[in-house]
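>>> Okay, predicted coordinates and the sequence, questions at the end:
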Amino acid sequence: MKRIVVKVGSAVLTENTSIALKRMKNLVDFIVDLRKKYEVILVSSGAVAAGYTQVQLDRKIIANRQALAAIGQPILMDLYNKKFNEHNVIVAQLLVTSANFKTYIQYSHFADSIEALLKANVLPIINENDTTATHELIFGDNDQLSAEVATHTNSDLVVILSDIDAYYDNDPRSNKNANVLKYVNEITRVELEKDVTPNNEFATGGIVTKLQAADLLLQHNKSMFLSSGFNLTDVRSFMIENNHIGGTLFTKSDRIWK
């Protein structure tokens, strides 16, 4: 059974400064179906947004964002636990930082924990420990984290569910003639070094951090699929029906991922 990492961003999980419960339900239903075919690891943002529903601190201040993450993480996990419990799926929380992937001892313990959870048919839900992370909290939005998780857990594919439905040959917000790139085999340095431009007040990434994650995965001969987290039609078609209708597959293979 292939192993995949599903990453969902803050832009998908939040709406009008609140948790988007319907989108979360759709995500949970999708992952339940996905687990019938794959081993699944979930990387989820949303702790800061969940905390903001309780205390409206100024999110521009790092200490406040860290405090909001501390408030929101148990709220986020409680929501996941209740929704997955409806499907008799047990979930586990793992909070990590980039430091956990710096040494063999650190990432081997992490990988062993993931193996034990998957063997027990438990769904690992991973988020950055935003209360202690600083650089990652500002720039990562869990995109690079999902790639690191995949490379250290022998996963085959990362699925990024975002407010960005695919990678285009031009900016679709300013160019109506922009076309979806269904397959990408290489990412240029120019694309990787563009400014980070998140589209949501709780998000900290944008297309650039997704390209950086894809580049890391390509270096490790792994693949990444980018599609909408608002409408899961494309990702369901690709992952469950093996039909690539929409979204972008970053891969060095022969354009087929099964």
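Noted; the coordinates are in hand.
>>> going forward, measure contacts between C-alpha atoms and count neighbours the same way
Will do.
>>> Can you list the low-confidence ranges for this structure?
Scanning the chain for pLDDT under 70 picks out 130-141, 193-205, 254-258.
>>> roughly how far is the longest helix along it from the heart of the chain?
If you go by DSSP state H, the chain has its longest helix at helix 62-85. On the basis of CA atoms, centre = their mean, to the nearest Å, helix 62-85 sits 16 Å off its chain's mean C-alpha point.
>>> can you list contacts of it?
By CA atoms under 8 Å, 6 or more residues apart in numbering, the list of residues contacting helix 62-85 from outside reads 25, 28, 32, 46-52, 54-55, 57-59, 90-91, 93, 130-132, 134.
>>> Which helix or strand lies directly C-terminal to that helix?
Using DSSP states H and E, the helix or strand that follows helix 62-85 towards the C-terminus is strand 91-96.
>>> what's the angle between that next one and helix 62-85?
On the basis of axes from the mean of the first three to the mean of the last three CA atoms, to 10 degrees, strand 91-96 is oriented at 160 degrees to helix 62-85.
>>> just checking, next helix/strand downstream of strand 91-96?
Note on strand 91-96: by DSSP H and E, the next helix or strand toward the C-terminus is helix 104-119.
>>> what about residue 118, distance to residue 91?
For residue 118, the distance to residue 91 equals 10 Å [CA to CA, to the nearest Å].
>>> One more: residue 226?
For residue 226, the distance to residue 91 - CA to CA - is 24 Å.
>>> what does residue 167 give?
Residue 167 is 31 Å from residue 91, by CA to CA.
>>> Looking only at neighbour counts, state which of the two leads.
residue 167 (25 against 18; other CA atoms under 10 Å).
>>> list residues touching both of residue 118 and residue 91?
Common neighbours of residue 118 and residue 91 (criterion: CA under 8 Å, 6+ apart): residue 124.
>>> Now the terminal residues of stretch 31-44, how far apart.
12 Å.
>>> chain center to it, what's the gap?
12 Å.
>>> Any buried residues in that stretch, and which?
31, 32, 34, 35, 38, 39, 40, 41, 42, 43, 44 (16 or more other CA atoms under 10 Å).
>>> And stretch 52-69, by the same measure?
Buried-residue list, stretch 52-69, by 16+ other CA under 10 Å: 52, 53, 59, 62, 63, 64, 65, 66, 67, 68, 69.
>>> What residue, apart from its backbone neighbours, is nearest the last one spatially?
Counting by CA to CA, 6 or more residues apart in numbering, residue 48 is the residue found nearest to residue 69 once chain neighbours are left out, at 4.3 Å.
>>> just so I have it, where are all the strands in the stretch 151-258 of the chain?
157-162, 183-184, 223-228, 248-250 (DSSP state E, counting those that start in this stretch).
>>> export those to CSV and tack on mean neighbour count?
Converted to CSV, the strands of the stretch 151-258 of the chain look like this (neighbours: other CA atoms under 10 Å):
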stretch, mean neighbour count
strand 157-162, 26
strand 183-184, 17
strand 223-228, 26
strand 248-250, 26
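>>> Including distance to residue 209, could the ones you listed go into CSV?
Converted to CSV, the strands of the stretch 151-258 of the chain look like this (distance: least, CA to CA, whole Å):
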stretch, distance to residue 209
strand 157-162, 11
strand 183-184, 16
strand 223-228, 12
strand 248-250, 14
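>>> and residue 147, which of those strands is closest to it?
With CA to CA as the measure, strand 157-162 is the member of those nearest residue 147 (6.9 Å).
>>> Stretch 119-127: end-to-end distance?
Terminal-residue distance, stretch 119-127 (CA to CA): 20 Å.
>>> Begin at 39 from now on, thanks
New numbering, starting at 39: the last item is stretch 157-165.
>>> Quick check: buried residues in that stretch?
Quick answer for stretch 157-165 (16+ other CA under 10 Å): 160, 161, 162, 163, 164, 165.
>>> Looking at the residues you listed, which are in strands?
Among the buried residues of stretch 157-165, DSSP state E puts 161, 162, 163, 164, 165 in strands.
>>> one step back: and the residue nearest to residue 107, what helix or strand is that in?
Here residue 86 sits within helix 85-90, counting by DSSP H and E.
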